[in-house]
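>>> Return a 3D structure for these sequence lines:
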Amino acid sequence: MENKGFAEQQTNITTPNSFVIAEKPLKNGKTFSKRVDINDLKSKLKETESKELKKNISIFSFLILALASLGIYLSF
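Below you'll find the predicted structure:
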């Protein structure tokens with residue numbers, strides 16, 4: 001009678017001894033940072049703020065108009 005338990009199963013897992021380590025190549029060239037003009041950044045910021053302001057004003061005016069129309073409707 002054979003015992004087929006865990007003691008009978010022996011597996012030898014070996015790792016290969018000769019493997020190549022992948023290395024990143026060294027960068028020979030210098031990295032130059034691109035300068036940014038502060039006036040360009042300010043103009044872009046003003047554009048986005050004006051778009052947001054227009055959007056907020058339109059939403060606010062729509063809510064005021066809806067509230068006014070609801071008040072007129074309920075008063076009659």
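
>>> Point out where the chain drops to low pLDDT.
Within the chain, the stretches with pLDDT under 70 are 1-32.

>>> Go again with 90.
Counting by pLDDT under 90, the chain contains low-confidence ranges at 1-36, 76.

>>> the strands in it, which residues?
With DSSP state E, there are no strands along the chain.

>>> Now do the helices in it.
38-75 (DSSP state H).

>>> how near is residue 38 to residue 58?
As for residue 38, its distance to residue 58 is 31 Å (criterion: Cβ to Cβ, to the nearest Å). For every residue, glycine as well, the C-beta is placed using N, CA and C.

>>> Next, give phi and psi for residue 36.
Main-chain dihedrals, residue 36, degrees, to the nearest 10: phi -120, psi 140.

>>> got a list of what it touches?
Going by Cβ atoms under 8 Å, 6 or more residues apart in numbering, residue 36 touches no other residue.

>>> Distance of it relative to residue 42?
11 Å.

>>> How about residue 59?
Taking Cβ to Cβ, one finds residue 59 at 26 Å from residue 42.

>>> Equivalent analysis for residue 33, please.
Between residue 33 and residue 42 the distance is 20 Å, computed by Cβ to Cβ.

>>> what about those two, which has more around it?
Set side by side, residue 33 and residue 42 show more neighbours around residue 42, with 10 against 5, by other Cβ atoms under 10 Å.

>>> Distance check, that one against residue 48.
In terms of Cβ to Cβ, residue 42 sits 11 Å off from residue 48.

>>> again, but for residue 69
Per Cβ to Cβ, residue 69 is found 32 Å from residue 48.

>>> got it, and residue 55?
Separation of residue 55 from residue 48 (Cβ to Cβ) stands at 11 Å.

>>> ditto for residue 58
Between residue 58 and residue 48 the computed distance is 16 Å (Cβ to Cβ).

>>> Same check on residue 65?
Taking Cβ to Cβ, one finds residue 65 at 26 Å from residue 48.

>>> Return the distance of residue 70 relative to residue 60.
16 Å.
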